[in-house]
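Colleague: any chance you could fold what I've pasted below:
(one chain, ligands or ions: 2)
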Amino acid sequence: MGKGKLIIISAPSGCGKSTIISHIINDPELRLSFSVSATTRQPRTGEVNGKDYYFLTQEEFNDAIAENALVEYQEVYAGRFYGTLRSEVERIQSDGKNVVLDIDVKGGVNVKREYGNNALSIFIKPPSIETLRQRLVNRGTDTEEAINQRVAKASLELTYAEKYDAVVVNDVLEEAVARTRKLILEFTNN
Ligand code: ADP
Ligand code: 5GP
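Modeller: Residues are numbered from 1 along each chain as shown. Ligands and ions are numbered 1, 2, ... in the order given. The predicted structure follows:
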């Protein structure tokens, strides 16, 4: 059994990353497993420690950095750190499964640089900024101010798309899922 590969999925907030991942994560042909990141942000209602994230204090997160336990980390929002745990990536890879990383656009570029041909980086794009705004409004999880911040940040993050191996436009969900699935299948079978 070969060592698993890395599938990096990045996008500005609200572009449909979680939705697309949820449609492919249990596909038996893809042999995927989700890498649970560490974060210093507070858990949201319903989130489970060890499943959605490993929720760490800032001190614990600093220790993880010092011990080289993180493959990469970013301060994605002011005062809120997120990082990929080396232990997650290695555990999943040694099980022969492919590692799915849901990480921000900067972290994605760093991981791709480190893993080279053993990683496929996919950037999910919204059809337009206006559509992105509308989806964030419909999702109903953010205040108007938070939505304005996310949209402003998205405009900058979209400029990272060209640094990725592939770009998937999430217009019709089923088509975006099918294209993502095909990209992963082609990559992991080679
Ligand atoms: P992310 O994980 O990138 O922040 P989500 O997966 O939470 O984004 O998607 C943001 C919102 O947009 C959710 O309410 C989701 O149901 C909706 N959504 C995702 N993809 C589509 C699509 N292709 N068409 C319409 N709505 C979508
Ligand atoms: P949220 O707080 O909404 O769960 O996630 C916010 C952002 O952090 C998302 O863009 C997500 O992709 C990113 N993120 C989650 N885990 C990691 C990680 O381990 N590293 C990096 N760089 N970004 C992450």
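Colleague: who's in contact with the nearest residue to Y77 once chain neighbours are set aside?
Modeller: Nearest residue to Y77, sequence neighbours excluded (Cβ to Cβ, 6 or more residues apart in numbering): R41, at 7.5 Å. (Glycine included, C-beta is placed from N, CA and C.) Listed by Cβ atoms under 8 Å, 6 or more residues apart in numbering, the contact partners of R41 are Y53, F55, Y77, R80, Y82.
Colleague: how about D104?
Modeller: Applying Cβ under 8 Å, 6+ apart, the residues contacting D104 are S10, Q74, V76, Y82, E157.
Colleague: my guess is the second one meets G107, correct?
Modeller: Pointing back at Q74 there. Yes: the criterion here is Cβ atoms under 8 Å, and Q74 meets it with G107 at 4.9 Å.
Colleague: these two: who's more crowded?
Modeller: G107 (22 against 17; other Cβ atoms under 10 Å).
Colleague: next up, phi/psi of that one, please.
Modeller: phi -60, psi -40 (degrees, to the nearest 10).
Colleague: touching, it and F81? I think so.
Modeller: No: counting by Cβ under 8 Å, G107 stays clear of F81, with 10.9 Å between them.
Colleague: now the top helix by length along the chain: buried residues?
Modeller: The longest helix of the chain (DSSP state H) is helix 173-188. Neighbour counts over helix 173-188 (16 or more other Cβ atoms under 10 Å) mark A176, V177, R179, T180, R181, L183, I184, F187, T188 as buried.
Colleague: from those residues, which are also near ligand 1?
Modeller: A176 (Cβ under 6 Å from any ligand atom).
Colleague: would JSON lines of the buried residues of helix 173-188 with pLDDT be doable?
Modeller: Compiled in JSON lines, these are given as follows (pLDDT from 0 to 100):
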{"residue": "A176", "pLDDT": "98"}
{"residue": "V177", "pLDDT": "98"}
{"residue": "R179", "pLDDT": "98"}
{"residue": "T180", "pLDDT": "98"}
{"residue": "R181", "pLDDT": "98"}
{"residue": "L183", "pLDDT": "98"}
{"residue": "I184", "pLDDT": "98"}
{"residue": "F187", "pLDDT": "98"}
{"residue": "T188", "pLDDT": "95"}
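Colleague: and which of the buried residues of helix 173-188 is nearest to ligand 1?
Modeller: Closest approach between the buried residues of helix 173-188 and ligand 1, by Cβ to the nearest ligand atom: A176, at 5.9 Å.
Colleague: can you tell me how far the closest residue to ligand 2 within the chain is from A64?
Modeller: As assessed by Cβ to the nearest ligand atom, ligand 2 sits closest to G107 within the chain, at 2.4 Å. Separation of G107 from A64 (Cβ to Cβ, to the nearest Å) stands at 15 Å.
Colleague: mutual contacts of Q74 and G107, please.
Modeller: By Cβ under 8 Å, 6+ apart, the residues touching both Q74 and G107 are Y82.
Colleague: sketch out the low-pLDDT regions of the protein for me.
Modeller: The chain contains residues with pLDDT under 70 at 1-2.
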